[in-house]
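Participant: Task: produce atomic coordinates for the following.
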Amino acid sequence: MADQLRRTKILATLGPATDQPGRIEALIRAGVNVVRMNFSHGTPEQHAARADAVRAAARTLGVEVGILADLQGPKIRIERFAEGRVALCAGQPFALHCRPDPAPGDAQGVGVSYLGLVGDVGPGDTLLLDDGLVSLQVEAIDGSTIHTRVINDGVLSDRKGLNRLGGGLSLGALSDKDRADIGHAAALDADFLAISFCRSAADIEEARALAAEAGWRPHLVAKIERAEAIENLTEITLASDAVMVARGDLGVEIGDAELPGLQKKIIREALRHNRVVITATQMLQSMVDNPIPTRAEVLDVANAVIDGTDAVMLSAETASGQYPIKAVEAMVRICLGAERQFNHDTDFEKAQRGLTRSDQAIAMATMFLAEHIRVRAIIALTESGGTARYLSRFRSDVPIYGLSRHPVARRQMALMREVTPTVFDSRGMAAHEAARMAIRQLFGAGALADGDRVLFTSGDSMESTGATNTLRLLAVGPDGSAQGLAAL
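Facilitator: Residues are numbered from 1 along each chain as shown. Modelled structure (predicted):
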């Protein structure tokens with residue numbers, strides 16, 4: 001399959017633009033590895049219908065496609081205006097009313113969804129609305145009203161988002177809607193759950209506990225979009241299975257000038273702790289309305305690939321844009337181009353020290369060999385996908401095939417850079433027999449050829465999670481057999 005040559009994965013958001021018959025299958029054919037259900041929009045019934053369509057298309061195409069449920073989170077918004085929008089001029093006073101059921105807004109003020117905002121801000125603070133297009137400076141607090149002065153001219157419309165420059169809002173990460181949506185996502189059997197506006201490891205652990213109560217064990221994705229999340233980045237990363245560089249609200253809170261450096265820092269932190277990392281928000285934003293990306297967008301995606309991100313994400317480009325298929329195709333071309341131009345040498349000096357798990361040690365040994373001898377592929381026999389994840393952290397040029405009998409593990413591996421999830425049932429096989437059968441299967445699929453050498457990882461205790469403890473160097477015979485079997 002041509003897609004196996006692309007190491008960086010593509011995450012695409014579903015929405016009205018993907019609901020046309022055959023559109024989801026076309027997205028997967030174009031190169032989508034994981035789809036995103038944005039719980040900020042749509043109904044549980046719509047999400048269920050889209051999930052069914054994804055699973056049906058994946059079965060038809062014979063590929064593994066993961067599903068990510070993205071919680072709305074406690075995004076602070078202004079309420080509605082009597083006329084739908086107002087024009088604000090620099091220097092004019094403007095009030096924010098933090099009380100239940102405020103009157104429709106006008107040019108003098110508007111309600112706010114978060115009533116506790118009055119306790120989180122003070123005179124001199126800067127509030128940013130509509131992704132920073134309108135700025136307000138707080139002058140005074142009077143009961144439930146925040147008196148501000150408009151900093152710049154702008155048009156403000158219904159339900160736009162509100163942030164405090166520098167962060168510091170005390171609103172928790174999970175709203176009542178999010179708690180209900182965790183149940184809806186569990187019913188979908190989604191593979192990933194994204195936690196919006198998390199501030200600390202406690203937010204991730206709360207979501208994990210709520211998912212467990214629903215009988216569901218997804219991989220948790222921490223969305224880094226608050227200033228506080230940057231301060232607590234290590235603990236959030238360790239508490240999560242993956243992190244997302246959510247550049248929209250993060251850029252508003254910390255300022256656009258800080259984003260490039262922070263993106264690199266978040267990616268490095270995720271790789272250092274063996275976590276998957278997604279880069280998101282406005283990557284090909286112009287393709288919402290245009291059939292080709294701008295050169296700046298091309299460079300943005302390519303730089304994320306070069307930085308080592310596992311996946312790049314499309315939001316409105318596929319959910320509501322005019323060219324969802326073309327956006328995916330463009331993303332594929334950019335990823336492949338960046339990967340061709342950039343030769344990533346594995347830096348073992350930065351590898352984790354003091355390993356206590358055998359599967360991590362085997363992964364490091366495997367990648368060291370892959371760096372120093374010519375092999376065609378790495379084959380990881382895995383129950384949970386953990387070994388494949390450890391292998392993929394080293395960013396080698398050698399493709400990794402993650403073989404598992406578990407559908408959830410295969411769909412979760414679909415988000416890991418360089419990993420091709422593959423169906424393989426090793427039950428009842430000894431380790432050496434599983435190696436021979438796996439090589440024969442990949443040979444039959446055209447992934448291996450006569451004379452290729454491969455590295456094969458497995459465990460003496462088959463069908464046990466975290467039990468990988470064996471590394472073999474194998475040669476592929478003319479009939480797909482495994483020759484020269486020798487434990488290293």
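
Participant: Over the longest strand anywhere in the chain, what's the mean pLDDT, rounded is fine.
Facilitator: For the chain, the longest strand by residue count, based on DSSP state E, is strand 134-142. Strand 134-142 carries an average pLDDT of 98.

Participant: Just the buried positions in it, please.
Facilitator: Val134, Ser135, Leu136, Val138, Ile141 (16 or more other CB atoms under 10 Å). All C-beta atoms are positioned from the backbone trio N, CA, C, and that covers glycine.

Participant: what's near enough to touch Ala26?
Facilitator: Ile325 (CB atoms under 8 Å, 6 or more residues apart in numbering).

Participant: mind redoing it with 10 Å?
Facilitator: Taking CB atoms under 10 Å, 6 or more residues apart in numbering, we find Ala26 in contact with Thr18, Gln20, Val32, Ala57, Pro324, Ile325, Val328.

Participant: Can you lay out the buried residues of strand 134-142 as JSON lines showing distance to Ser396?
Facilitator: Below are the buried residues of strand 134-142 laid out as JSON lines (distance: CB to CB, whole Å):
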{"residue": "Val134", "distance to Ser396": "47"}
{"residue": "Ser135", "distance to Ser396": "46"}
{"residue": "Leu136", "distance to Ser396": "49"}
{"residue": "Val138", "distance to Ser396": "51"}
{"residue": "Ile141", "distance to Ser396": "56"}
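
Participant: Looking at those residues, which one is closest to Val252?
Facilitator: Taking CB to CB as the measure, Val252 sits nearest to Ser135 out of the buried residues of strand 134-142, at 10.2 Å.

Participant: How about that closest one, nearest residue that isn't a chain neighbour?
Facilitator: With CB to CB, 6 or more residues apart in numbering as the criterion, Ser135 has its nearest non-adjacent residue at 3.9 Å, and that residue is Ile151.

Participant: Ok, Lys326 next?
Facilitator: The shortest distance from Lys326 to any non-neighbouring residue, by CB to CB, 6+ apart, is to Pro291 (5.3 Å).

Participant: can you tell me the distance between the two ends of stretch 127-137?
Facilitator: End-to-end distance for stretch 127-137, by CA to CA, to the nearest Å: 6 Å.

Participant: Contacts only, for the residue of the chain most remote from its centre.
Facilitator: Taking CA atoms, centre = their mean, the residue of the chain most remote from its mean C-alpha position is Asp142, at 41.3 Å. For Asp142, the contacting residues are Ala95, Val118, by CB under 10 Å, 6+ apart.

Participant: Quick check: it vs Gly109, distance?
Facilitator: Counting by CB to CB, to the nearest Å, the gap from Asp142 to Gly109 is 12 Å.

Participant: Then Ala69?
Facilitator: According to CB to CB, Ala69 and Gly109 sit 36 Å apart.

Participant: neighbour count winner among those two?
Facilitator: Counted by other CB atoms under 10 Å, Ala69 and Gly109 do not tie: Ala69 has more neighbours, with 26 against 20.

Participant: and Arg159, what element?
Facilitator: Assessed by DSSP states H and E, Arg159 sits outside every helix and strand.

Participant: Wait, it touches Ile78, no?
Facilitator: Yes: applying CB atoms under 10 Å as the test, Arg159 and Ile78 come out as touching, 6.8 Å apart.

Participant: Who has more neighbours out of those two?
Facilitator: Higher neighbour count among Arg159 and Ile78: Ile78, with 25 against 12, using other CB under 10 Å.

Participant: Tell me who's in contact with Ser175.
Facilitator: Ser175 is in contact with Leu71, Gln72, Gly73, Pro74, Lys75, Asp181, Ser196, Phe197, counting by CB under 10 Å, 6+ apart.

Participant: Mind jotting down where the helices sit in the stretch 151-300 of the chain?
Facilitator: Applying DSSP state H, counting those that start in this stretch to the stretch 151-300 of the chain gives helices spanning 176-188, 201-213, 227-231, 233-239, 247-254, 259-272, 295-307.

Participant: Mind listing what's buried along the fourth one?
Facilitator: This points to helix 233-239. Buried-residue list, helix 233-239, by 16+ other CB under 10 Å: Leu233, Ile236, Thr237, Ala239.

Participant: Next, count neighbours for Pro291.
Facilitator: Neighbourhood size, Pro291 [other CB under 10 Å]: 11.

Participant: typo on my end, Thr281
Facilitator: 20.

Participant: and the buried residues of helix 233-239 as TSV, adding distance to Arg268?
Facilitator: Output for these, formatted as TSV (distance: CB to CB, whole Å):
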residue	distance to Arg268
Leu233	10
Ile236	14
Thr237	10
Ala239	18
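
Participant: Among those residues, which one sits closest to Gly337?
Facilitator: Here the nearest of the buried residues of helix 233-239 to Gly337, counting by CB to CB, is Thr237; it sits at 29.1 Å.

Participant: in terms of contact, does that closest one touch Met244 like I think?
Facilitator: No: if you go by CB under 10 Å, Thr237 and Met244 don't touch, sitting 11.2 Å apart.
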